[in-house]
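Colleague: From the sequence below, what's the structure:
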Amino acid sequence: MFETSVYTSRRKKLRQLMQNGLVLIMGNQDSPMSYPGNAYRFRQDSSFLYFFGLNLPGLAGVIDLDEGKDMLFGDDVTLEDIIWMGHLPSLKENGSKVGVNIAFPYAELEKVLSEAKSKGRPIHFLPPYRAERTIELERLLGIPHAEVKNHVSEQLIKAVVKLRLVKDEFEIAEVENYLSTATYEMHMAVMHMAKPGVIERTIAGYIEGISLSYGGTVCYPVILTSHGETMHIHSHDNVLKKGDLLLIDAGAETPMGYATDITRTIPVGGKYSQKQKDIYNVVLAGQLGAIAAIKAGVKYMDVHFTASRIIAQGLKDLGLMKGDIDQAVQQGAHALFFSHGIGHSLGLDVHDMEDLGEDYVGYDEETHRSNIFGTAYLRIGKKLEAGNIVTVEPGVYFIPALIDRWEAEKKFTEFINYDKVDEYRDFGGIRTEDNVLATPDGHRILGKPIPKTVEEVEETMK
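Modeller: Residues are numbered from 1 along each chain as shown. Model prediction:
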């Protein structure tokens, strides 16, 4: 946990962005894996962590905007709990750690909310993403579960997004520490283990163990595959062969819930072929160009197009694309190869605040989401602010099903050399990704550098 003042300051800032009523921030419950006593690893709600900081199940926080008081609702441990888990702090003791001095049993929450409703006071809550949360909101607020999503507070969503997008010095240090330790070690381990004959799951399990050894876990299911053309594949059943490209997209979650997100693509056996080097360097040039463009006040959509143009030009130099590159990118022809956005916001979630609505996080009145294939998947397009942490992860993929469809439709034949593309059908995919902090006059790549150039990767894999 951060210092008490961090949480009291966050709640104070939230009050300044809201008007009146109660803000209800629901924590998460344990989720049974096979029976009630055998639960999945507990993961607290990110907004609850942000404002109330307690990584414990069965809690809810209320911020009274009119009376200026904060309340915590939950149940103290029973004797049975103590027998199984040992002494645990009381609810009031836990509340004092985050500057909340009013604590009630959880059963009192319904009464407090009901009294506020009877007085016509608005109750602000965020979109639920778990079924049990929706059901609990139905019980607490008397809203049919099918209509709960229609009663979420847009005012609260916008206020939370505004606060959580800009990371303070404590959050930046937390992310950077785990980029330099757990995440660095995970990716270095892959580079040393990626040998012919190894099954992917051996490596995936090992690096997940590294994240666990640092007190957290992975912040999303590990992507580790020799079929990198499938961007978010989660099976690890392939036996590695010399000459394969192994794509690793993996990050460690810190014990406080903050995410890291790094991708590298490495050659099984330790040496890239010339063909692999050519595509790899196109991707790397796109990433380096995008990173160089990052600073506060720059639209992230412009950063995306910077990378897109560099990649398209690189593919043209290899004979895969042709024609006017600016026109090709503007019309979306490059998306045959680079069919996703350049990156996303990073924080307490790996796709930061996606549960609140991606358009609230990444777009605004000035910047609207594209409807062009590829660019439409860009998760954040608006102007960056100092303190934003974003991922920068361009890629080039050769997806046979997509190639077949576009070629059959004779799509973008003025920009795509399909005869040359057919020579790459079994190539796979390459992606590289780093986590970057936007600053007032530029940017900073966070964490200990993980080998990234062809020469660095090959030297490491020796």
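Colleague: C-alpha from now on. contacts and neighbour counts both.
Modeller: OK.
Colleague: ranges for the strands of the stretch 101-250 of the chain?
Modeller: Secondary structure of the stretch 101-250 of the chain (DSSP state E, counting those that start in this stretch): strands at 102-104, 123-125, 217-218, 223-225, 245-250.
Colleague: Please compute how far the last one lies from its chain's middle.
Modeller: What separates the centre of strand 245-250 from the centre of its chain is 17 Å, taken as Cα atoms, centre = their mean, to the nearest Å.
Colleague: Equivalent analysis for the second one, please.
Modeller: Taking the mean C-alpha point of strand 123-125 and that of its whole chain, the gap between them comes to 25 Å (Cα atoms, centre = their mean).
Colleague: Determine which of the strands of the stretch 101-250 of the chain approaches P36 most closely.
Modeller: When these are compared by Cα to Cα, strand 217-218 sits nearest P36, at 22.1 Å.
Colleague: For the closest one, which outside residues touch it?
Modeller: For strand 217-218, contacts defined as Cα atoms under 8 Å, 6 or more residues apart in numbering pick out 208-209, 211-212, 250-255.
Colleague: Mind doing that once more with 10 Å?
Modeller: 41, 182-183, 207-212, 250-255, 257, 259-261 (Cα atoms under 10 Å, 6 or more residues apart in numbering).
Colleague: Filter those down to the buried ones, PyMOL style.
Modeller: In PyMOL syntax, the buried subset of those is picked out as below (16 or more other Cα atoms under 10 Å):
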select buried, resi 182+183+207+208+209+210+211+212+250+251+252+253+254+255+257+259+260+261
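Colleague: quick one: which of the contacts of strand 217-218 sit in helices?
Modeller: Those of the contacts of strand 217-218 mapping onto helices are 182-183, 207-212, per DSSP state H.
Colleague: quick one: buried residues of the worst-scoring helix or strand of the chain on mean pLDDT?
Modeller: When the helices and strands of the chain are scored by mean pLDDT, DSSP states H and E, helix 79-85 comes last with a mean of 75. Of the residues in helix 79-85, none is buried by neighbour count under the rule 16+ other Cα under 10 Å.
Colleague: what about the spatially most central residue of the chain, which SS state?
Modeller: Taking Cα atoms, centre = their mean, the centroid of the chain lies closest to V350, which sits 1.7 Å from it. Of the three states, V350 takes coil under DSSP: H, G, I helix; E, B strand; the rest coil.
Colleague: correct me, but it touches Y220?
Modeller: Yes - if you go by Cα atoms under 10 Å, V350 and Y220 touch, sitting 7.3 Å apart.
Colleague: CA atoms only: put the strand or helix carrying I291 into PDB for me.
Modeller: Assessed by DSSP states H and E, I291 sits inside helix 274-292. Extracted in PDB, the C-alpha atoms of helix 274-292 (Å, rounded to 0.1, in the frame of the first residue of the first chain):
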ATOM      1  CA  GLN A 274      17.700 -12.900 -43.200                       C
ATOM      2  CA  LYS A 275      14.000 -12.900 -44.000                       C
ATOM      3  CA  GLN A 276      13.200 -12.700 -40.200                       C
ATOM      4  CA  LYS A 277      15.700  -9.900 -39.700                       C
ATOM      5  CA  ASP A 278      14.200  -7.900 -42.500                       C
ATOM      6  CA  ILE A 279      10.700  -7.900 -41.100                       C
ATOM      7  CA  TYR A 280      12.000  -7.600 -37.500                       C
ATOM      8  CA  ASN A 281      13.900  -4.400 -38.400                       C
ATOM      9  CA  VAL A 282      10.800  -3.000 -40.100                       C
ATOM     10  CA  VAL A 283       8.800  -3.500 -36.900                       C
ATOM     11  CA  LEU A 284      11.600  -2.100 -34.700                       C
ATOM     12  CA  ALA A 285      11.900   1.000 -36.800                       C
ATOM     13  CA  GLY A 286       8.200   1.600 -36.500                       C
ATOM     14  CA  GLN A 287       8.400   1.200 -32.700                       C
ATOM     15  CA  LEU A 288      11.400   3.500 -32.300                       C
ATOM     16  CA  GLY A 289       9.800   6.100 -34.500                       C
ATOM     17  CA  ALA A 290       6.600   6.000 -32.500                       C
ATOM     18  CA  ILE A 291       8.400   6.300 -29.200                       C
ATOM     19  CA  ALA A 292      10.300   9.300 -30.400                       C
END
